[in-house]
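**Student:** What follows is a predicted structure for the sequence shown.
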Amino acid sequence: MTSRADDNQESTDRSQSGDRVLRTITDDDNFRVIVATTTQLTRHVSSLQEATGETGRHFADLLTGTVLIRETMSPAHRLQSVLKAGEDQGSLVADAHPDGLTRGLIQTPADAGPFSTRQGVMLQVMRSMAKGEIHRSMVRPAAGCDVSQALMTYLQESEQIVSVIAVGADWQGDEVIHSGGYVVQLLPGAGHGPLMVMTERLEAFPPIGSLLSQLEGSATRLLDELLFQMPHAQLDDSPIHSGCTCSEEAVVASLATLGREEIAEMVREQEVIELTCDYCRTTYAVQRAQLLGLLETS
Ligand SMILES: [Zn+2]
């Protein structure tokens with residue numbers, strides 16, 4: 001008996017460590033609450049993309065926010081967000097998949113400073129739908145906004161449900177100590193009273209980074225804080241991880257955007273061409289013959 005109890009305890013602990021998303025609904029059907037912890041994810045993806053300073057902060061928040069928006073709007077499908085800074089000052093990309101795999105990309109012009117929202121910003125969200133079609137929406141949040149505010153603008157304009165979203169991290173220099181966030185949605189039919197109580201509660205919260213630090217980055221503790229003894233049912237608990245969907249074929253196919261001349265030049269100069277995935281930085285050694293094939297089909 002004792003050993004079985006120990007085993008259960010151990011498996012519970014294991015399932016509760018690491019990055020995850022929890023989805024719950026309150027028993028009174030007033031609120032849906034989704035929390036995510038993304039510490040390992042943001043650390044790993046930020047190091048792959050060599051993200052630092054202000055760029056790194058926006059990037060980590062966009063990764064967390066994209067996981068949360070996917071879980072909120074389309075848990076069974078892929079969702080990508082692109083945050084574009086004004087005047088071609090670069091963009092941040094986050095790509096979240098239904099199995100929890102999430103990746104990201106920083107694209108900034110060589111001469112640009114850190115990614116900033118001060119010159120205006122555009123947020124594009126692409127959702128893969130059931131039949132392979134892609135639903136795109138674009139919003140222009142206020143200049144100088146943070147990622148939480150940008151995502152909030154998106155939810156307000158595209159969902160008919162009152163939602164509050166907060167994403168953030170607890171930083172030590174350029175290192176993420178804890179990162180995560182939450183979405184609270186007021187469900188149709190919920191009364192004014194519960195909304196007032198929840199609004200006051202959220203307004204009294206410290207910034208999400210400090211809150212995560214106090215809660216030691218725990219998703220369950222964050223959920224307890226948000227629900228504060230409201231009876232609720234947990235709908236889902238899924239792991240989140242850093243990963244990539246690239247393959248040699250995909251990397252070769254991405255060359256199709258280059259001109260014939262450029263490809264021809266690569267083929268003339270080298271027998272084996274090294275191509276690197278922009279997301280995960282995996283390098284593929286592609287044979288000359290494969291690139292010649294691409295030249296013939298393009
Ligand atoms: Zn890759």
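**Tutor:** Thanks, I have the structure now.

**Student:** Residues of this structure that sit close to the ion?
**Tutor:** C244, C246, C277, Y279, C280 (Cβ under 5 Å from the ion). (Glycine included, C-beta is placed from N, CA and C.)

**Student:** at 8 Å what do you get?
**Tutor:** Within the chain, the positions lying close to the ion (Cβ under 8 Å from the ion) are R103, C244, T245, C246, V251, C277, D278, Y279, C280, R281, T282.

**Student:** Flag whichever of the residues you listed scores worst on pLDDT.
**Tutor:** Lowest in pLDDT among the residues of the chain next to the ion is V251, which has 83.

**Student:** circling back to that earlier point, out of the residues of the chain next to the ion, which sit inside strands?
**Tutor:** Counted as lying in strands by DSSP state E, out of the residues of the chain next to the ion, are R103.

**Student:** Sitting in helices, which of the residues of the chain next to the ion do you find?
**Tutor:** V251 (DSSP state H).

**Student:** Just the buried subset of the residues of the chain next to the ion, please.
**Tutor:** Among the residues of the chain next to the ion, those classed as buried by 16 or more other Cβ atoms under 10 Å are R103, C244, C246, V251, C277, D278, Y279, C280.

**Student:** tell me the contacts of the first one?
**Tutor:** Contact analysis of R103 by Cβ atoms under 8 Å, 6 or more residues apart in numbering lists V45, A94, D95, S242, G243, C244, T245, Y279, C280.

**Student:** Please name the nearest non-neighbouring residue to it.
**Tutor:** Ranked by Cβ to Cβ, 6 or more residues apart in numbering and with sequence neighbours excluded, the top spatial neighbour of R103 is Y279, at 4.6 Å.

**Student:** what's the spacing between that neighbour and D19?
**Tutor:** 18 Å (Cβ to Cβ, to the nearest Å).

**Student:** go on, V164?
**Tutor:** V164 is 22 Å from D19, where distance means Cβ to Cβ.

**Student:** Over to A289?
**Tutor:** A289 sits 41 Å away from D19, going by Cβ to Cβ.

**Student:** that older thread, tell me which of V164 and D19 has more neighbours.
**Tutor:** Set side by side, V164 and D19 show more neighbours around D19, with 26 against 18, by other Cβ atoms under 10 Å.

**Student:** just checking, T66 touches T102?
**Tutor:** Yes. Using Cβ atoms under 8 Å, T66 is in contact with T102, at 7.1 Å.

**Student:** Overlap of the contact sets of those two?
**Tutor:** A94, D95, A96.

**Student:** In helices, which of these fall?
**Tutor:** Using DSSP H, no member of these falls in helices.

**Student:** In TSV: those residues, plus pLDDT and neighbour count.
**Tutor:** Formatted as TSV, the shared contacts of T66 and T102 follow (pLDDT from 0 to 100; neighbours: other Cβ atoms under 10 Å):
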residue	pLDDT	neighbour count
A94	98	28
D95	98	21
A96	98	28
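
**Student:** Out of those residues, which is nearest to the ion?
**Tutor:** Distance to the ion across the shared contacts of T66 and T102 (Cβ to the ion) is lowest for D95, with 10.4 Å.

**Student:** ok, that closest one touching T102?
**Tutor:** Yes. Using Cβ under 8 Å, D95 is in contact with T102, at 6.8 Å.

**Student:** Please enumerate the shared neighbours of those two.
**Tutor:** Common contact partners of D95 and T102 (Cβ under 8 Å, 6+ apart): T66.

**Student:** Fine, thanks again, bye for now.
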